[in-house]
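**Q** okay, sequence plus prediction incoming.
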Amino acid sequence: MSGNKPMAEFKPLNLAVVTVSDTRTEDTDTSGQFLQEAALAAGHRVVAKALCKDDIYKLRALVAGLIADEQVHAVLVTGGTGFTKRDNTVVAITPLFDACIDGFGELFRQISFEEIGTSTLQSRAFAGLSNSTAVFCMPGSTNACRTAWTKIIASQLDSRHRPCNFADRLLQKTENR
(Lines give C-alpha, C1' and ligand atoms only; values in the text may rest on other atoms or scores of the structure.)
Protein backbone atom coordinates (compact mmCIF):
# COMPACT_ATOMS: atom_id res chain seq x y z
CA MET A 1 0.00 0.00 0.00
CA SER A 2 2.91 2.36 -0.37
CA GLY A 3 1.71 5.80 -1.36
CA ASN A 4 -1.97 4.96 -0.90
CA LYS A 5 -3.86 6.93 1.67
CA PRO A 6 -6.51 5.13 3.68
CA MET A 7 -10.11 5.95 2.79
CA ALA A 8 -11.27 8.97 4.77
CA GLU A 9 -14.29 8.55 6.98
CA PHE A 10 -17.57 10.37 6.33
CA LYS A 11 -18.07 13.35 8.63
CA PRO A 12 -21.63 14.69 8.70
CA LEU A 13 -22.04 18.45 8.49
CA ASN A 14 -24.77 20.71 9.86
CA LEU A 15 -26.55 22.43 6.98
CA ALA A 16 -29.13 25.19 6.72
CA VAL A 17 -31.50 25.51 3.77
CA VAL A 18 -32.89 28.91 2.79
CA THR A 19 -35.47 29.45 0.06
CA VAL A 20 -35.67 33.00 -1.29
CA SER A 21 -39.11 33.69 -2.73
CA ASP A 22 -42.00 36.11 -2.58
CA THR A 23 -44.48 33.41 -3.57
CA ARG A 24 -43.44 30.00 -2.23
CA THR A 25 -44.81 28.47 0.92
CA GLU A 26 -43.71 25.40 2.90
CA ASP A 27 -46.17 23.38 0.79
CA THR A 28 -44.90 24.69 -2.57
CA ASP A 29 -41.18 24.93 -1.78
CA THR A 30 -40.04 21.96 -3.87
CA SER A 31 -36.50 23.31 -4.23
CA GLY A 32 -35.90 23.74 -0.50
CA GLN A 33 -37.53 20.39 0.13
CA PHE A 34 -35.25 18.72 -2.43
CA LEU A 35 -32.12 20.23 -0.85
CA GLN A 36 -33.22 19.17 2.62
CA GLU A 37 -33.97 15.59 1.52
CA ALA A 38 -30.74 15.33 -0.50
CA ALA A 39 -28.63 16.58 2.41
CA LEU A 40 -30.27 14.12 4.81
CA ALA A 41 -29.89 11.25 2.32
CA ALA A 42 -26.18 12.08 2.06
CA GLY A 43 -25.85 11.71 5.84
CA HIS A 44 -25.73 15.37 6.83
CA ARG A 45 -27.98 17.11 9.37
CA VAL A 46 -30.34 19.94 8.44
CA VAL A 47 -30.32 22.16 11.51
CA ALA A 48 -32.32 25.05 10.03
CA LYS A 49 -34.75 25.57 7.17
CA ALA A 50 -36.29 28.92 6.29
CA LEU A 51 -38.33 30.74 3.68
CA CYS A 52 -37.35 34.37 3.16
CA LYS A 53 -38.92 37.09 1.06
CA ASP A 54 -36.66 38.39 -1.70
CA ASP A 55 -35.67 41.43 0.36
CA ILE A 56 -32.00 42.41 0.55
CA TYR A 57 -31.93 43.23 4.25
CA LYS A 58 -34.13 40.42 5.52
CA LEU A 59 -32.14 37.88 3.52
CA ARG A 60 -28.78 39.35 4.56
CA ALA A 61 -29.80 39.30 8.23
CA LEU A 62 -31.04 35.71 8.02
CA VAL A 63 -27.92 34.37 6.31
CA ALA A 64 -25.61 36.46 8.53
CA GLY A 65 -27.26 34.83 11.56
CA LEU A 66 -26.70 31.37 10.10
CA ILE A 67 -23.06 32.19 9.30
CA ALA A 68 -22.57 33.41 12.89
CA ASP A 69 -24.14 30.23 14.32
CA GLU A 70 -21.25 28.02 15.47
CA GLN A 71 -23.28 24.91 14.66
CA VAL A 72 -23.93 25.70 10.96
CA HIS A 73 -21.21 24.49 8.59
CA ALA A 74 -22.90 25.30 5.27
CA VAL A 75 -25.89 27.27 4.01
CA LEU A 76 -27.73 26.23 0.85
CA VAL A 77 -29.65 29.17 -0.63
CA THR A 78 -32.10 28.64 -3.47
CA GLY A 79 -33.73 31.47 -5.40
CA GLY A 80 -33.17 35.12 -6.17
CA THR A 81 -30.17 34.60 -8.46
CA GLY A 82 -31.73 35.70 -11.75
CA PHE A 83 -32.08 39.13 -13.32
CA THR A 84 -35.57 40.28 -12.36
CA LYS A 85 -35.99 43.35 -10.17
CA ARG A 86 -36.84 41.06 -7.23
CA ASP A 87 -33.74 38.84 -7.57
CA ASN A 88 -31.66 40.22 -4.71
CA THR A 89 -29.66 37.24 -3.47
CA VAL A 90 -26.37 38.33 -5.06
CA VAL A 91 -26.62 41.84 -3.62
CA ALA A 92 -27.71 40.57 -0.21
CA ILE A 93 -25.16 37.79 0.29
CA THR A 94 -21.87 38.71 -1.41
CA PRO A 95 -20.97 41.43 1.15
CA LEU A 96 -20.95 38.70 3.81
CA PHE A 97 -18.14 36.68 2.16
CA ASP A 98 -14.58 36.49 3.41
CA ALA A 99 -13.66 34.66 0.19
CA CYS A 100 -15.55 33.82 -3.00
CA ILE A 101 -15.68 30.28 -4.37
CA ASP A 102 -15.56 31.48 -7.97
CA GLY A 103 -15.39 27.97 -9.41
CA PHE A 104 -18.88 27.11 -8.13
CA GLY A 105 -20.70 29.58 -10.39
CA GLU A 106 -18.39 28.86 -13.30
CA LEU A 107 -18.87 25.09 -13.02
CA PHE A 108 -22.62 25.40 -12.41
CA ARG A 109 -23.07 27.41 -15.62
CA GLN A 110 -20.88 24.98 -17.58
CA ILE A 111 -22.93 22.00 -16.43
CA SER A 112 -26.20 23.90 -16.91
CA PHE A 113 -25.27 24.76 -20.49
CA GLU A 114 -25.53 21.05 -21.29
CA GLU A 115 -29.04 21.02 -19.77
CA ILE A 116 -30.59 24.36 -20.75
CA GLY A 117 -28.29 25.84 -23.36
CA THR A 118 -27.64 29.56 -23.46
CA SER A 119 -30.34 30.25 -20.87
CA THR A 120 -27.63 29.46 -18.31
CA LEU A 121 -26.29 32.93 -19.13
CA GLN A 122 -29.05 34.30 -16.88
CA SER A 123 -27.91 32.31 -13.85
CA ARG A 124 -25.93 34.17 -11.23
CA ALA A 125 -25.22 31.07 -9.12
CA PHE A 126 -22.36 31.84 -6.73
CA ALA A 127 -20.73 30.70 -3.51
CA GLY A 128 -18.34 31.84 -0.84
CA LEU A 129 -16.86 31.27 2.58
CA SER A 130 -17.66 33.35 5.62
CA ASN A 131 -16.73 32.62 9.23
CA SER A 132 -15.67 29.10 8.15
CA THR A 133 -19.14 28.55 6.70
CA ALA A 134 -19.72 27.66 3.06
CA VAL A 135 -22.63 29.46 1.41
CA PHE A 136 -23.89 28.05 -1.90
CA CYS A 137 -26.45 30.17 -3.77
CA MET A 138 -28.29 28.59 -6.68
CA PRO A 139 -31.33 29.30 -8.83
CA GLY A 140 -34.79 28.63 -7.48
CA SER A 141 -35.85 25.84 -9.81
CA THR A 142 -35.80 22.33 -8.40
CA ASN A 143 -33.89 21.11 -11.47
CA ALA A 144 -31.19 23.74 -10.88
CA CYS A 145 -30.93 22.68 -7.22
CA ARG A 146 -30.67 19.04 -8.29
CA THR A 147 -27.87 19.92 -10.73
CA ALA A 148 -25.98 21.98 -8.14
CA TRP A 149 -26.33 19.37 -5.40
CA THR A 150 -25.66 16.19 -7.35
CA LYS A 151 -22.93 17.46 -9.64
CA ILE A 152 -21.06 19.89 -7.36
CA ILE A 153 -22.11 20.47 -3.76
CA ALA A 154 -22.61 16.90 -2.52
CA SER A 155 -19.03 15.89 -3.30
CA GLN A 156 -17.55 19.12 -1.95
CA LEU A 157 -19.32 18.59 1.39
CA ASP A 158 -18.24 14.93 1.56
CA SER A 159 -15.11 14.41 3.65
CA ARG A 160 -14.24 11.32 1.57
CA HIS A 161 -14.09 13.18 -1.76
CA ARG A 162 -10.60 13.39 -3.21
CA PRO A 163 -8.40 15.13 -4.04
CA CYS A 164 -10.06 17.88 -1.99
CA ASN A 165 -13.32 18.99 -0.40
CA PHE A 166 -14.55 21.66 1.99
CA ALA A 167 -15.64 19.34 4.84
CA ASP A 168 -12.52 19.48 7.00
CA ARG A 169 -12.27 23.27 6.62
CA LEU A 170 -15.92 23.69 7.64
CA LEU A 171 -15.63 21.34 10.60
CA GLN A 172 -12.88 23.54 12.04
CA LYS A 173 -15.63 26.01 12.91
CA THR A 174 -17.07 23.72 15.59
CA GLU A 175 -13.76 22.12 16.55
CA ASN A 176 -12.23 25.51 17.42
CA ARG A 177 -15.00 26.54 19.80
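**A** Yes, it's here. Numbering: from 1, shown residues only.

**Q** hmm, who's touching the helix or strand bottoming out on mean pLDDT in the chain?
**A** In the chain, the helix or strand scored least confidently by mean pLDDT, DSSP states H and E is helix 167-175, which has a mean of 87. Outside helix 167-175, the residues that touch it by Cβ atoms under 8 Å, 6 or more residues apart in numbering are 11, 13-14, 70-71, 73-74, 129, 131-134, 156-159, 161. Just so you know, the C-beta spots here come from the backbone N, C-alpha and C atoms, and that holds for glycine as well.

**Q** what about these, which are in strands?
**A** Taking DSSP state E as the definition of strands, the contacts of helix 167-175 contribute Asn14, Ala74, Leu129, Thr133, Ala134.

**Q** ok, so of those, who is nearest Glu114?
**A** Ranked by distance to Glu114 (Cβ to Cβ), the ones in strands among the contacts of helix 167-175 are led by Ala134 at 24.5 Å.

**Q** let's see the pLDDT reported for the residue nearest to that closest one when sequence neighbours are not counted.
**A** Spatial nearest neighbour of Ala134, chain neighbours left out: Ala74 (4.3 Å); criterion: Cβ to Cβ, 6 or more residues apart in numbering. For Ala74, the model assigns a pLDDT of 98.

**Q** can you check the one 3 residues further on too?
**A** According to the prediction, Val77 has pLDDT 98.

**Q** could you give the bridge partners of it?
**A** Val18, Cys137 (DSSP bridges).

**Q** pretty sure it is touching Phe136, no?
**A** Yes. With contact defined as Cβ atoms under 8 Å, Val77 counts as touching Phe136 (6.8 Å).

**Q** quick one: His161 from Asp98, how far?
**A** For His161, the distance to Asp98 equals 22 Å [Cβ to Cβ, to the nearest Å].

**Q** quick one: which of those two has more around it?
**A** Per other Cβ atoms under 10 Å, whichever of His161 and Asp98 has more neighbours is His161, with 14 against 11.

**Q** surely the more buried one meets Ala42?
**A** No. Applying Cβ under 8 Å, one finds His161 not in contact with Ala42, separated by 11.2 Å.

**Q** off-centre distance for stretch 44-58?
**A** Remark: stretch 44-58 is offset 11 Å from the chain centroid, using Cα atoms, centre = their mean, to the nearest Å.

**Q** end-to-end on it?
**A** End-to-end span of stretch 44-58 (Cα to Cα, to the nearest Å): 26 Å.

**Q** tell me the buried residues in it?
**A** Residues of stretch 44-58 classed as buried by neighbour count (16 or more other Cβ atoms under 10 Å): His44, Val46, Ala48, Lys49, Ala50, Leu51, Cys52, Asp54, Asp55.

**Q** do stretch 127-143 as well
**A** Buried, per 16+ other Cβ under 10 Å, within stretch 127-143: 127-142.
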